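**Student:** this is a predicted model, with the sequence first.
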Amino acid sequence: MVDTTMEKNPRIGVFICHCGTNIAGSVDVKGLVEYAKTLPNVAFATDYQYVCSTPGQKIITDAISEHKLTGTVVAACSPRLHEPTFRTATKEGGLNPFRFEMANIREQNSWVHMHDREAATEKAKDAVRMAVAKASLLQDLEVKTVPVEKAALIVGAGVAGMQAALDLGNAGIKTYLVEKNPTIGGRMSQLDKTFPTLDCSQCILTPKMVDVYRNPNIELMTYSEVEAVEGYIGNFDVTIRKKARGVISMEEAEAKGIKGGGCNGCGDCEPVCPVIKPNPFEMGMKPRKAIYIYHPQVVPLLYTVDFDSCIKCGLCVEACGEKKAIDLEMMDEFVKLKIGTVIIATGYELFPVEKKTEWGYKQFDNVVTSLEFERLICASGPTGGNVIRPSDGQKPKKIGFVLCAGSRDNTGVGKPYCSRFCCMYSLKHAHQIIEKIPGATPYLFYMDIRSFGKMYEEFYYRIQDEGAKFIRGRVSNILEDPATKNLHVYTEDTLLGRPVDVELDMVVLAAAVQPMEGADTVRKLFGVSCSQDGWMLEAHPKLNPCGTTTAGVYLAGVCQGPKDIPDAVAQAEGAASVASIPLHRGFVELEPYFAQCIEEKCAGCGMCVNLCPYQALSLVEKEGRRLMQVTEAKCKGCGTCGGFCPGGAIWMQHFATPQIVAQIDAFLLGGEQ
Amino acid sequence: MAKAKGYSDPKMEEKLRDRYYYRTDSNPEFSKRIRDISQTVSHMCYQCGTCTGSCPSAPRSSYRIRLFMRRNVMGLEDEALTDPDLWLCTTCYSCTDRCPRDIAPTDVIMAMRNLAAERDIIPVNFLKTVQAIYTTGHGVPNNDVNRAARQRLGLEREPPTVHKYKQYLPGIQKILDHYGLKARADKIVAEAEKHA
Amino acid sequence: MREYAFFLGCIAPNRYPGCESAAIRTSRKLGIELLPLEGASCCPAPGAFGSIDLKIWYAMAARNLVLAEKMKKDIALLCNGCYKSIWDVNHKLKHNDELRDGVNEVLKEIDMEFKGTIDVWHLIELYYDPKIVGVDKVRDSVVHPLTRTRIGVHYGCHLVKPKKEHHFGDSENPMWIEELVGALGAEPIQYRKKMQCCGAGGGVRGYDIAHSLDITNEKMINLHEAKADAVTEVCPFCQLQFDRGQIEIKEKFGKYWGLPVLHYSELLGLAQGMSPAELGLDLHAVDCTPFLKKIL
Amino acid sequence: MAEEFKPKILGIVCNWCSYAGADLAGSARTQYPPDIRIVRMMCTGRLDPLFVMKAFVDGADGVLVSGCHFGDCHYLEGNYKAAKRMFLLKSLLRGIGIEDKRLRMTFVSASEGAKWAKVVEDVVKTIDELGPSPLREMAK
């Protein structure tokens, strides 16, 4: 039964913060205190330099008992910053923490009206008046505790996702690692060397991939995607689509009673397959069959049938023989998982740099992207590590690297942000060609070299010392000499102040990065916001960089914004750490902003039931009539039902209609008249 | 830099000169020779401009030491060696003291001057000093006014250098002749005076 | 008495002989005997010779060094330009075998060999070094303190810069010559861009006199702003640029500063009681009388 | 002489996007006109038509409702629901003789501080041009 009773004789304490000069610089705080004292229901008003400080909070707790307060109002910064702090102070003073209301007079006042003290003070008075009006009507509410399913889900098994999975798995948490590709490893497995240490990327990654595979707490779900998400922190119900792979593992075979069967990665199927397709792992520069693995080190070592191109000739089934690993009739399967917390690590892809037509990617043979170059220079790549010009297979001697290819671009075609790791990998590329091709000269066309990481500037120094040529100027365009297929790169050498026309054998575009295709779908499934540039939005850029505004969902790696490997791994470890907190605690507290039914007003029309996005409302039979009933654990407190109910029968706790109307009235009627 | 366009008016020819940077302009060996002569990591310049900012000549001329460092890195030999600004460095070493890359730009300038001199591009005043040393052993030799003053101060009329001990002069001349410097100096100075 | 081979250079003996006589006489009072380095030539001028061909510069300087090696005496000198040539070449040849071999090949033609057995010192550093002379001993030698005078110090470039190769510490705002000026009873003053070049070096004085004087003029403006009574330096070439330069500035820019320019040896001579005439101050282009009036 | 018109504008914004966006405008010190007062809700889906009507009855010159972009609602679809109600509200306002431009819905995400400032500027400009609400005039 909902309690709609409110305080009859409210006594509100008002605490106004100077925030140093942040507020006091633009708002007449003393005047505001005097004004607050004149407001109805205000029993006490004061100001303090920093109300959030320990002595500041003590003023609140002391005032509550001293002045027998029934509610508190702090006029300070945004409630999104310090609401929990002041709720705790209110609670320590002996009041229910939900009897606290905050007036935002910093972010939405003093900071945005810095040079209009009079108007800012007026606005602050209105804000305090509105907050007092609401605080006068606030009720006691109890925080609800719900148990947490001790299992984590990680979406994306690149280096960030793998690291997070290993951390959680090693902490004893059941972890589901979902990867849309047939193998784990992500972008890092496509790279040849890593900067600035020049470690072989595969060499340091493969042991990690094997660890993930072997970890008893990690359940690897490759070639799978998140299909649907329901529930909330501690209790997500996630549906995974296991895409039809056409091949069963040895474990699956054993379960089916096929002794010694299942795919052992022998590869007998591949040569017989008549279908040839480009291998996306090699950026299309190497063929694969319709039944394929990306590369020899895949984890799990399982072949995959590409049903989009398979002609179902059955030759592979024949070649596989008694192992009976191939099933060309396989269908997608759906798996339902109970999950406590989620880490999203969907990574990135290259911006389609052909959109910047002035650089001739996909027009000129010898213009390649940096990822293509990674494969070209990688010993396990399509050329066995021999860098060659795509046009004629010759060794290039002069190679240009175009930095900021699509980054720092406000035209709407490219990306406005810095992609952050292109400078460094281009330096690495420069090093690699100097090392691999005797007499070769790399030309780096750059605007700034951003070598910000540990040992990065030193790496830049080293590459310059090795003879790389740096031309400070953004490449304006690239033209091909049709006879030689050489490229003319045009820019200004801004340091010499003269135009440049350099004839090069090959050009590598350090293309901007953008969120992975499909990341947006994942993002929306979990209710995570995105920033202006499309990357997933962290809860706070500095103080909560792994969290999101959806409780229980965390971010790791480049999906949150461009990062190099060390940063991605560090964030993954951070995400794993925060994601494990609710799992270890075993329960979470939900803010009690639930909808409640005022039964005497409910007509049982049921219109609210369909409005609820969480299926938290239902109609029940009670004392001979139909009534709406709320399942509190499912209700997230959005209030969509309460905004609609034609009979006003829904009571939104903490955002109840009388409370909001009081705010509106206080603003418009409680002014200076 | 190359590519004469055939305008009869030299001013117009200069104005419409092709200013693209072509491979043909640049000499990669240039940078290496500069490094050898200057004994400094001249190729490591990252063009921050500290040198030009420290330079006493920069604010009162078009001389930009950073630009010479750039020409060095890009191998723009002709451009560097024929630029009259090359001779405006006072060799004060302020840039060298402040260079964050620990390069000695002053020594790079000296190396460039050496390479210019190889092409007989040397301002005449430098060569007149050479000639003076060849004939007297001193760049600023004694004169009669000074001899009188010396005497007045209780010093010998000729200082106890090669001025007094003339037997040392042939040795000095031998060193200069070893490099053929005197002959070159005479030739270049005569030519310059002919033009003047 | 410590004995040094006194390397004169060109400008001190041939333009400002007062510096030479002052150096010999004042040093003697401080326990330093300066012996003539017979047959020494121009150092040679680092700007002129270094610009033309560093190899010739090395060889010519090495010849002067060998003369001192034969005397088995360290060299002392009083000019920053000479210091640049003689000290630098000595240092480089001692540490670079390839360079030394190249130089010795040339020296062989005149029956000489650079061995690297001596060191090179600027007189001013010998004065400052407490193990040799030291500020206190300089102060003790003063019989006629230069009180009530404000003196700007010009260090000159080739003494302290590049700081990494030399041993005088910080080159942005050194204060040790100020200590030596203070020891004479004068007030050493600070002025803007104290460490800026005089404008003469690198052959610029000969190449573009107006450009070179413009740099000098800036020094004069700054010294004037700081109300200097005189400027002191430890380099006759800087002295020439400041002293004769002021006449040239007057001719070219129409501004006459009239700031007396004195080599530290000359200042020291005055403080030790030498007369202006004994110091040849009348040979200076800028009249020193206003300054002398203050101290006499 | 007529008193200078100071518009009274009520902003009803959701906690997750527009309120956060407004906070971001503050952190970035983006200056905008001070004529708006904010009521925070968890979601614009909570928008009861009553609130808007109450505001106009009380004498508001304009009401701004601002939430997440479509597809980005923290509660999946609350902003759609609010947007639907806007049609109803606008027709109601027209019915009682209030220009429906006085009510506006915008979509400002948590990362769009600059956009928030622009939105407020724009709303204030609209209301400035329309002048005081007819209801407020009547009440005088």
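**Tutor:** Thanks, I have it.

**Student:** and stretch A:357-373, what's buried?
**Tutor:** Neighbour counts over stretch A:357-373 (16 or more other Cβ atoms under 10 Å in any protein chain shown) mark A:359, A:360, A:361, A:364, A:366, A:367, A:368, A:369, A:370, A:371, A:372, A:373 as buried. To be clear about C-beta, it is placed using only N, CA and C from the backbone, and glycine gets the same treatment.

**Student:** would you mind putting the CA coordinates of that stretch into CSV?
**Tutor:** Provided in CSV are the C-alpha atoms of stretch A:357-373 (Å, rounded to 0.1, in the frame of the first residue of the first chain):
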residue,chain,number,x,y,z
THR,A,357,38.9,11.3,-52.2
GLU,A,358,41.9,13.7,-52.4
TRP,A,359,44.2,10.9,-51.2
GLY,A,360,43.2,8.4,-53.8
TYR,A,361,42.7,5.4,-51.6
LYS,A,362,41.0,2.7,-53.7
GLN,A,363,41.8,4.7,-56.8
PHE,A,364,45.6,4.3,-56.8
ASP,A,365,47.1,0.9,-56.3
ASN,A,366,49.9,2.1,-54.2
VAL,A,367,47.9,4.0,-51.6
VAL,A,368,47.2,1.6,-48.7
THR,A,369,45.8,2.0,-45.2
SER,A,370,47.9,1.5,-42.1
LEU,A,371,46.2,-1.8,-41.3
GLU,A,372,46.9,-3.1,-44.8
PHE,A,373,50.5,-2.1,-44.3
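
**Student:** gap between it and the chain center?
**Tutor:** Here the centre of mass of C-alpha atoms in stretch A:357-373, compared against the chain's by Cα atoms, centre = their mean, to the nearest Å, lies 30 Å away.

**Student:** okay, and which of the buried residues of stretch A:357-373 map to strands?
**Tutor:** A:367, A:368, A:369 (DSSP state E).

**Student:** okay, now the domains of chain A?
**Tutor:** When chain A is parsed with automatic domain parsing, its domains come out as A:1-141, A:146-243+A:333-347+A:516-583, A:244-331, A:351-514, A:590-653.

**Student:** got a list of what the spatially most distant residue from the centre of chain C touches?
**Tutor:** In chain C, counting by Cα atoms, centre = their mean, residue C:109 sits farthest out from the average C-alpha position, at 31.8 Å. By Cβ atoms under 8 Å, 6 or more residues apart in numbering or on different chains, residue C:109 lies in contact with B:174, B:175, B:178.

**Student:** which one (most neighbours) among these?
**Tutor:** residue B:175 (25 neighbours; other Cβ atoms under 10 Å in any protein chain shown).

**Student:** what about residue 51, how many residues nearby?
**Tutor:** Let's take chain A. Residue A:51: 25 neighbours (other Cβ under 10 Å).

**Student:** meant chain D, my bad for not saying
**Tutor:** 22.

**Student:** ditto for residue A:78
**Tutor:** Residues near residue A:78, counting by other Cβ under 10 Å: 22.

**Student:** phi, psi for the residue in the stretch 1-150 of chain C positioned nearest to chain A please.
**Tutor:** The nearest approach of the stretch 1-150 of chain C to chain A comes at residue C:96, 21.5 Å away (Cβ to the nearest Cβ). The phi and psi values for residue C:96, taken as degrees, to the nearest 10, are phi -130, psi 100.

**Student:** where do the helices sit along chain B?
**Tutor:** Listed in chain order, the helices of chain B (DSSP state H) span B:10-15, B:28-38, B:50-54, B:65-74, B:77-81, B:94-98, B:105-118, B:124-136, B:144-152, B:169-178, B:181-195.

**Student:** so what's residue A:72 bridging to?
**Tutor:** residue A:13, residue A:100 (DSSP bridges).

**Student:** thought it was touching residue A:92?
**Tutor:** No: counting by Cβ atoms under 8 Å, residue A:72 sits too far from residue A:92 to count as a contact (11.2 Å).

**Student:** sorry, back to before: got the domains of chain A as a markdown table, with mean pLDDT columns?
**Tutor:** Formatted as a markdown table, the domains of chain A follow (pLDDT from 0 to 100):
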| stretch | mean pLDDT |
| --- | --- |
| domain A:1-141 | 96 |
| domain A:146-243+A:333-347+A:516-583 | 96 |
| domain A:244-331 | 95 |
| domain A:351-514 | 96 |
| domain A:590-653 | 92 |
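
**Student:** rewinding a little: I'd like the buried residues of stretch A:357-373 as TSV, with distance to chain B appended.
**Tutor:** TSV is the format used below for those (distance: Cβ to the nearest Cβ, whole Å):
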residue	distance to chain B
A:359	19
A:360	19
A:361	24
A:364	19
A:366	17
A:367	19
A:368	22
A:369	25
A:370	23
A:371	28
A:372	26
A:373	23
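
**Student:** tell me, how many residues neighbour the residue of the stretch 1-150 of chain C closest to chain A?
**Tutor:** Residue C:96, neighbours per other Cβ under 10 Å, totals 14.

**Student:** one more: residue A:453?
**Tutor:** Neighbour tally, residue A:453, other Cβ under 10 Å: 16.

**Student:** so it versus residue A:195, what's the distance?
**Tutor:** If you measure residue A:453 against residue A:195 using Cβ to Cβ, to the nearest Å, the figure is 9 Å.

**Student:** who touches both of those two?
**Tutor:** A:424, A:564.

**Student:** what's the closest non-adjacent residue to the closest residue to chain A within the stretch 151-296 of chain C?
**Tutor:** As assessed by Cβ to the nearest Cβ, chain A sits closest to residue C:164 within the stretch 151-296 of chain C, at 18.1 Å. Excluding the flanking residues, the one nearest residue C:164 by Cβ to Cβ, 6 or more residues apart in numbering or on different chains is residue B:97, at 7.5 Å.

**Student:** residues contacting the residue of the stretch 151-296 of chain C closest to chain A?
**Tutor:** Neighbours of residue C:164 in contact, by Cβ under 8 Å, 6+ apart: B:96, B:97, B:102.

**Student:** kindly report the same for residue D:54.
**Tutor:** Applying Cβ under 8 Å, 6+ apart, we find residue D:54 in contact with A:661, A:664, A:665.

**Student:** do you know the pLDDT at it?
**Tutor:** On pLDDT, residue D:54 comes in at 95.

**Student:** could you say which helix or strand holds it?
**Tutor:** Assigned by DSSP states H and E, residue D:54 belongs to helix D:49-58.

**Student:** residue 31: neighbour count?
**Tutor:** In the absence of a named chain, chain A is used. 12.

**Student:** correction: the question concerned chain D.
**Tutor:** With other Cβ under 10 Å as criterion, residue D:31 counts 15.

**Student:** chain C versus whichever residue of chain B sits closest to chain D, what's the distance?
**Tutor:** Chain B approaches chain D most closely through residue B:48 (30.5 Å), counting by Cβ to the nearest Cβ. The gap separating residue B:48 from chain C is 17 Å, by Cβ to the nearest Cβ, to the nearest Å.

**Student:** just to revisit the earlier point, torsion angles phi and psi at the residue of the stretch 151-296 of chain C closest to chain A?
**Tutor:** Dihedral angles for residue C:164 - degrees, to the nearest 10 - are phi -70, psi -30.

**Student:** so how far is chain D from it?
**Tutor:** 45 Å.
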